[in-house]
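**Student:** pasting a predicted model and its sequence here:
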Amino acid sequence: LKDPKANANARISAMFHLGKLLLEAGEVKRAISVLLNAVKQGGQENILNLLGEAYQALGQVDEAEQWYSKSLRVNPSHIPAHLTLAKMLAKNESRDQEAESWFQRAKTVAPAEPTVYVHYGLYLMDRNRFPEAAKNLGEA
């Protein structure tokens, strides 16, 4: 091999995409197996975040939260982890304030990212906070 690091990165990338395809196909346990293997080989925040999504799909919210948190420890600026964690927490009424704080953090980390404003605006709409929702959706 000319570049072992490039080869390793390509292998990890392939595992990420395979895990994502499996997750989208509803083969969640197989996706988790592939993604855990990718993590062992040095997978980054996108793989950790996708593991969170997989565990969330299984209804294992605590496990999902751990993977989202790991993703954010690796890269505190990883917006998908902020948003997926915030949306998951928002489903639990008792953790609504925590969910909103994750949306706010995402806005702080990526103030120019339209996706953040869309997701936060939708969250606010679900809570009948229409003026705030309109402001955020307008900023998207």
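**Tutor:** It's in.
**Student:** in what helix or strand does the residue positioned nearest the centre of the chain lie?
**Tutor:** Compute the mean C-alpha point of the chain, and by Cα atoms, centre = their mean the closest residue is residue 81, 3.2 Å away. Applying DSSP states H and E as the criterion places residue 81 in helix 79-90.
**Student:** grab the nearest non-local neighbour of the residue nearest to the centre of the chain.
**Tutor:** Nearest residue to residue 81, sequence neighbours excluded (Cβ to Cβ, 6 or more residues apart in numbering): residue 71, at 4.0 Å. Every C-beta, even on glycine, is put in place using the N, C-alpha and C of the backbone.
**Student:** if we can go back for a sec, keeping just the C-alphas, turn the helix holding residue 81 into CSV.
**Tutor:** What follows is helix 79-90, C-alpha atoms only, in CSV (Å, rounded to 0.1, in the frame of the first residue of the first chain):
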residue,chain,number,x,y,z
ILE,A,79,-23.8,20.2,14.4
PRO,A,80,-25.5,16.9,13.5
ALA,A,81,-24.8,15.7,17.0
HIS,A,82,-26.2,18.9,18.6
LEU,A,83,-29.4,18.6,16.5
THR,A,84,-30.0,14.9,16.9
LEU,A,85,-29.4,15.0,20.6
ALA,A,86,-31.7,18.1,21.0
LYS,A,87,-34.5,16.5,18.9
MET,A,88,-34.2,13.2,20.9
LEU,A,89,-34.4,15.1,24.2
ALA,A,90,-37.3,17.2,23.0
